[in-house]
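[1] predicted model follows, preceded by the sequence.
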Amino acid sequence: MTTQAASPQVSAQVQLAQEISNFYADPYKFTLFAFPWGEPGPLEEEIGPDEIQKEFLQSLGREVRERKFDGANPVLPIRMAESSGHGTGKSAMGAWIAWWILSTRAFSIGTVTAGTYTQLEEKTWAAIQSWGRLCITRSWFEIQASGVFHRRYPENWKVTPQTCKQENAQSFAGQHARKSTSWYLFDEASEVPDKIYETAEGGLTDGEPMFFAWGQPVRNTGEFYKICFGDKLARWNHRNVDARSSRFTNKQLIAQWISDYGIDSDFCRVRVLGLPPSASELQYIDKNRIEEARKRVQAALADEPLVAGFDVSGGGKAWNVIRFRRGLDGNPGIEPIRIAGEKDADRSQRLGVCAELLRDTRAERKLAALFVDTAFGAPIAVGLKNLGFTNVFEVNAGGESPDIHCLNMRAYMWMKGKEWLLLGGLRNDEELCSQLALPGYHINNSGKLVIESKKSLQDRGEKSPDDADAFLLTFARTVAMPQKAVKLLKPASAWS
């Protein structure tokens with residue numbers, strides 16, 4: 001009887017699987033082995049994790065070895081957390097851990113989330129995908145937008161991204177891997193709702209469960225605060241990381257923040273030192289206020305004017321955005337307009353879009369005012385006025401505020417928008433809602449409100465909040481109700 005020899009390809013895969021099995025309890029050595037450090041390509045000038053990441057990975061390995069999971073009897077969950085300043089390589093480390101678990105634990109099941117949809121899509125999940133394409137075990141898995149799945153057992157051996165809206169909590173339930181590892185990764189974990197933490201705990205009851213939570217502590221309340229600084233600290237393997245100690249951070253930018261805000265400011269406590277703010281929130285508009293407005297449906301009064309804000313792009317990745325509001329109704333049945341902001345964008349196209357909006361005489365779409373941000377939109381505002389439109393208003397975000405408690409018009413519009421959110425109804429729109437929660441704030445030495453600038457947001461890796469700024473332009477000034485009120489019927493589509 002003859003036996004057929006295994007193909008060289010199969011033999012190589014068997015050998016690789018045997019080598020990978022050596023790293024079951026050593027994520028640090030797996031990371032060094034599995035990725036092409038120093039080789040031609042994106043890692044050509046990289047030597048591996050920095051000392052902070054190395055310590056985390058080695059500590060994780062010790063946690064695994066201490067539990068001695070035998071594949072049958074459940075062990076205590078591994079819970080690891082990190083509160084850190086900005087830019088310390090957490091997304092990359094999350095990707096290494098994801099691929100270590102996928103590669104060393106057959107039939108493991110993981111869920112990854114982040115405090116905002118933008119963070120999840122553009123950073124956390126994007127990192128898992130891009131590092132996966134570099135991983136030595138990539139051929140074992142299908143890398144998709146909806147998850148990473150084992151080619152042979154896609155339903156039972158996988159990791160998937162999941163948004164963390166509170167009403168989505170049940171999506172984190174029922175995750176079990178009795179003979180393997182059920183695991184969760186929460187990035188920008190301070191902004192993940194407490195209900196999500198509570199639900200995820202249910203997936204830690206069998207096998208060799210793991211839970212990772214890290215980010216900047218933008219609140220001094222909530223589960224992440226309790227894990228890192230409060231009554232749950234004893235249950236977690238936790239560390240605090242000063243951004244200045246990381247190999248990857250922009251030291252020049254950090255020095256600028258310290259000069260502008262002061263090392264003891266809430267901004268630097270959170271963004272640099274990885275400590276919670278003294279105030280309850282670092283963000284100017286809290287997520288709870290936004291989520292409540294998102295659920296709220298408001299019908300406009302018959303004589304409420306329809307207003308629009310146009311945040312004009314300066315090019316690059318920023319968008320040209322027009323958003324609409326009618327009184328307390330932030331969803332007046334008109335789709336927002338979003339035009340890509342390439343550097344060579346045709347100004348006449350944007351002028352034409354605005355002119356078409358202003359010419360619309362239908363009662364439910366007749367604009368009482370269009371507010372245009374003049375940073376890049378002044379030529380468009382002038383062009384519209386030259387066409388005869390008298391209801392176009394230029395807004396200089398850096399200009400003088402009508403309220404003496406605000407540094408400038410930008411702060412004034414964000415203040416008015418924050419007040420409006422207590423009663424107003426927002427459009428159920430992920431881009432808008434996530435951007436409204438982005439900017440931080442502080443009170444300057446003159447007692448005036450200062451809202452974090454677009455440039456500062458982009459410097460720390462956030463996208464330009466073009467949708468939020470467009471919506472908040474609608475609060476630039478009060479628009480008088482028309483003398484003859486027209487009864488407006490809210491389109492059925494606006495209630496969906």
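    Done, it's in.

[2] any idea whether the residue nearest in space to the middle of the chain is helix, strand or coil?
    Residue closest to the average C-alpha location in the chain (Cα atoms, centre = their mean): residue 119, at 2.6 Å. Recorded secondary structure, residue 119: helix (DSSP: H, G, I helix; E, B strand; the rest coil).

[3] and it, what does it touch?
    187-188 (Cβ atoms under 8 Å, 6 or more residues apart in numbering). The way it works is simple: take the backbone N, C-alpha and C, and place the C-beta from them, glycine included.

[4] show me the chain divided up by domain.
    28-249, 287-495 (automatic domain parsing).

[5] any idea which of those gets closest to residue 268?
    domain 28-249 (8.4 Å; Cβ to Cβ).

[6] so how far does the closest one reach from one end to the other?
    One end of domain 28-249 to the other measures 21 Å (Cα to Cα, to the nearest Å).

[7] gap between that domain and the chain center?
    Per Cα atoms, centre = their mean, to the nearest Å, the displacement of domain 28-249 from the mean C-alpha position of its chain is 16 Å.

[8] what mean pLDDT does that domain get?
    Averaged across domain 28-249, pLDDT comes to 94.

[9] what does stretch 392-399 give?
    For stretch 392-399, the per-residue pLDDT values average out at 96.

[10] could you check which helix or strand contains residue 83?
    Element membership for residue 83, per DSSP states H and E: strand 78-84.

[11] who does that strand pair with, and is each partner parallel or antiparallel?
    With DSSP bridges as the test, strand 78-84 is paired with strand 210-215 (parallel), strand 237-241 (parallel).

[12] contact partners for the residue lying closest to residue 296 once chain neighbours are set aside?
    Nearest residue to residue 296 in three dimensions, chain neighbours excluded: residue 425, at 4.1 Å (Cβ to Cβ, 6 or more residues apart in numbering). Taking Cβ under 8 Å, 6+ apart, we find residue 425 in contact with 293, 296-298, 328-331.

[13] got a pLDDT number for residue 425?
    With respect to pLDDT, residue 425 scores 95.

[14] same deal with the one 4 residues further on?
    Residue 429 carries a pLDDT score of 91 in this model.

[15] repeat for the one 4 residues further on
    Reading off the confidence values, residue 433 has pLDDT 91.

[16] then residue 8?
    If you check residue 8, the pLDDT there is 66.

[17] what residues does the longest helix anywhere in the chain touch?
    Criterion DSSP state H: the longest helix present in the chain is helix 51-67. Applying Cβ under 8 Å, 6+ apart, the external contacts of helix 51-67 come out as 24-28, 31, 48-49, 75-76, 78, 80, 82, 88-89, 92-93, 96-97, 208, 237, 239, 241, 245-247.

[18] make CSV out of the strands paired with strand 78-84 and add mean neighbour count and distance to residue 457.
    What follows is the strands paired with strand 78-84, written out as CSV (neighbours: other Cβ atoms under 10 Å; distance: least, Cβ to Cβ, whole Å):
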stretch, mean neighbour count, distance to residue 457
strand 210-215, 25, 16
strand 237-241, 17, 21
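
[19] distance to residue 437 added to those, as TSV?
    What follows is the strands paired with strand 78-84, written out as TSV (distance: least, Cβ to Cβ, whole Å):
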stretch	distance to residue 437
strand 210-215	14
strand 237-241	23
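
[20] export the host helix or strand of residue 225 to CSV, keeping only CA atoms.
    Residue 225 belongs to helix 223-229 when assigned by DSSP H and E. Included here for helix 223-229 are C-alpha records, laid out as CSV according to Å, rounded to 0.1, in the frame of the first residue of the first chain:
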residue,chain,number,x,y,z
GLU,A,223,-17.3,51.8,33.1
PHE,A,224,-13.9,52.7,31.6
TYR,A,225,-13.3,55.2,34.3
LYS,A,226,-14.2,52.6,37.0
ILE,A,227,-11.8,50.1,35.3
CYS,A,228,-8.9,52.4,35.1
PHE,A,229,-9.3,54.6,38.2
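
[21] list the helices and strands that helix packs on?
    Helices and strands touching helix 223-229, by 3 or more Cβ pairs under 8 Å, 6 or more residues apart in numbering; DSSP states H and E, are strand 78-84, helix 194-200, strand 210-215, strand 237-241.
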